[in-house]
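Student: give me the fold of what follows.
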Amino acid sequence: MSDIYERLRKRLDSMATGYPETSSGVEIRILRRLFGEDDARVFLAMGEGPETATEVASRTGDDPRAMEHILEDMAKRGLVFRIRRDGQAFYLAVPFVVGIYEFQLNNLGPELLGEISEYYLSGLGASFHALKTPHLRSIPVDARIATGGPVAPYDDARAIVMAKERIALAECFCRKAVRTYGKTCSHSLQTCMQFDSFAEYYLDNGMARPIDVDEAFSVLKRCEEEGLVIHIINSKSVEAMCACCSCCCGMLLSLRLFPAPAREVKSNYVCVFDPALCEKCGMCNARCPVGALKFTTDGVMFRQERCIGCGLCVTRCPAGALVLHKKDEHLLYTPPGTVFETFGRMSEEKRGEGACQGSGQGL
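Tutor: Model prediction:
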C-alpha cells in the first residue's frame, strides 16, 4: 500500500480545485498528516455522489456496521462530508478546497499550516486560479446600495440568509490560521456562516454555533462596519458565506496580485466613480480591499479593472461619488445550482470538457 497516498492525491487532483503534484512532495506529507492508510483506502472507494456506509462497504468488502464507524470517524475529522436525510447518514468525498482543508477548522496547528502555505505557493494556488469557474464569488456587502436593476437572490446576502432553514456561525478560517501563527488583525473572528446541510455538518462537528436570522443580520452589519468583503460559495443555493479581510484572507491576498482582479471574480456588480462629486476625503482608498481606488495628491484615481463589486467604498462615501452598478446583461454570471454542481463543473474544466462553460468574464 506504499503508493496509496499517491493514488489519493490523483483522486483529489481530479476533483474541483485540484491537488497537483510538486517537486518537494509537500502534498503527500499533508495527506499523511490527515489520512491514515485505512482512511485513504475508503476515500478511494467512494463514488461521486452521497452514499450510505452500506453502499461504500459493498465495494470494499467491509462489514457495513464497521464501515459506518469508519466513515463517521472520517466525517468528524473533516475528511469526508456528511449529509443526514430522514434519519440516515450519507457520506460524500469532497475536494481538498473547498472541503477537507476548511473542515480542519478545529485542527489547525503551525505544522499543518506551514505545509499548506508551502503547498499553496508551489502548486495548489495555481491549480484553482487556472479554472474559469471559481469556488467563491464576491457579492455586495449590502444589496440595497446596488443600482441598475433587480438583484438576483444569489447576489443578495440578506435574501440568502432569509431563505435558509438552519444557520451556523463559525470562526473565520483565515483569521484563525493567522492567529495560530501568533499574529492577529483588528477584525472579528466569528463572522463566517454555514447554511442548511453545511450548517448541520459544522454543528455536528463542533465547529460552529446555531444562530437565527436576526443575529445573522447583525453579523452582516458588523462585516460592513469592519470593511469585510462578502464571499459566497459559487452556487445559487449558497451553502456558505465568508467575511474576508485583505490582511488574512488567502482569496483577497491572491486577487490583489492580479493586474485586473475584476476578471478573476464572478461578481455581477462594479463601482462607477464620479470625480466631480468627490470630496477627496480618502475614505474609499482605506476601504477598498484590492486597490481599485488610489488616493493621490490630485484626488482619487479609480481603476475599474480592479473592482470586485463588494460595495465597501460605496457605503462610506460621504459625497455619493461612488455608486455600485449592475453589470450589462451580457456580462452577468449565473452560478451553478449547488456547490456540488460547481465542483462538477470545475472537474469537467480540469478534464477539458467544460472549457467554454464560463460566462460573465471580465467587466
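Student: return the distance of stretch 323-342 from the chain's centre.
Tutor: Here stretch 323-342 is found 16 Å from its chain centre; the criterion is C-alpha atoms, centre = their mean, to the nearest Å.
Student: list the buried ones in it?
Tutor: 323-327, 332-333, 335-336, 338-340, 342 (16 or more other C-beta atoms under 10 Å). No exception for glycine: its C-beta is placed from N, CA and C like everyone else's.
Student: and for stretch 65-82?
Tutor: Quick answer for stretch 65-82 (16+ other C-beta under 10 Å): 67-68, 70-72, 74-75, 77-82.
Student: same deal with stretch 107-126?
Tutor: Neighbour-count burial for stretch 107-126, counted by 16+ other C-beta under 10 Å, picks out Leu108, Leu112, Leu113, Glu115, Ile116, Glu118, Tyr119, Tyr120, Gly123, Leu124, Gly125.
Student: JSON lines for the buried residues of stretch 323-342, including secondary structure?
Tutor: Conversion of the buried residues of stretch 323-342 to JSON lines gives the following (DSSP: H, G, I helix; E, B strand; the rest coil):
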{"residue": "Val323", "secondary structure": "strand"}
{"residue": "Leu324", "secondary structure": "strand"}
{"residue": "His325", "secondary structure": "strand"}
{"residue": "Lys326", "secondary structure": "strand"}
{"residue": "Lys327", "secondary structure": "coil"}
{"residue": "Leu332", "secondary structure": "coil"}
{"residue": "Tyr333", "secondary structure": "coil"}
{"residue": "Pro335", "secondary structure": "coil"}
{"residue": "Pro336", "secondary structure": "coil"}
{"residue": "Thr338", "secondary structure": "coil"}
{"residue": "Val339", "secondary structure": "helix"}
{"residue": "Phe340", "secondary structure": "helix"}
{"residue": "Thr342", "secondary structure": "helix"}
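Student: quick one: least confident of those residues?
Tutor: The member of the buried residues of stretch 323-342 with the lowest pLDDT is Phe340, at 88.
Student: for Ser235, see how far away it is.
Tutor: For Phe340, the distance to Ser235 equals 8 Å [C-beta to C-beta, to the nearest Å].
Student: try Val290
Tutor: In terms of C-beta to C-beta, Val290 sits 23 Å off from Ser235.
Student: now do Asp155
Tutor: In terms of C-beta to C-beta, Asp155 sits 12 Å off from Ser235.
Student: tell me which of the two has more neighbours.
Tutor: Asp155 (25 against 21; other C-beta atoms under 10 Å).
Student: need the contact list for the nearest residue to the more buried one once chain neighbours are set aside.
Tutor: The spatial neighbour of Asp155 that comes closest, neighbours along the chain excluded (C-beta to C-beta, 6 or more residues apart in numbering), is Ile139 at 5.0 Å. Listed by C-beta atoms under 8 Å, 6 or more residues apart in numbering, the contact partners of Ile139 are Tyr154, Asp155, Asp156, Ala157, Ile230, His231, Ile232, Ser267, Asn268, Tyr269, Gly309, Cys310.
Student: secondary structure class for the first one?
Tutor: Which is Tyr154. Of the three states, Tyr154 takes helix under three-state DSSP.
Student: I'd assumed Asn234 was in contact with it.
Tutor: No - counting by C-beta atoms under 8 Å, Tyr154 stays clear of Asn234, with 9.4 Å between them.
Student: identify the residues contacting the closest residue to Phe103 other than its chain neighbours.
Tutor: Excluding the flanking residues, the one nearest Phe103 by C-beta to C-beta, 6+ apart is Gly78, at 2.8 Å. By C-beta under 8 Å, 6+ apart, the contact set of Gly78 is Ile100, Glu102, Phe103, Gln104, Leu105, Asn107, Asn205.
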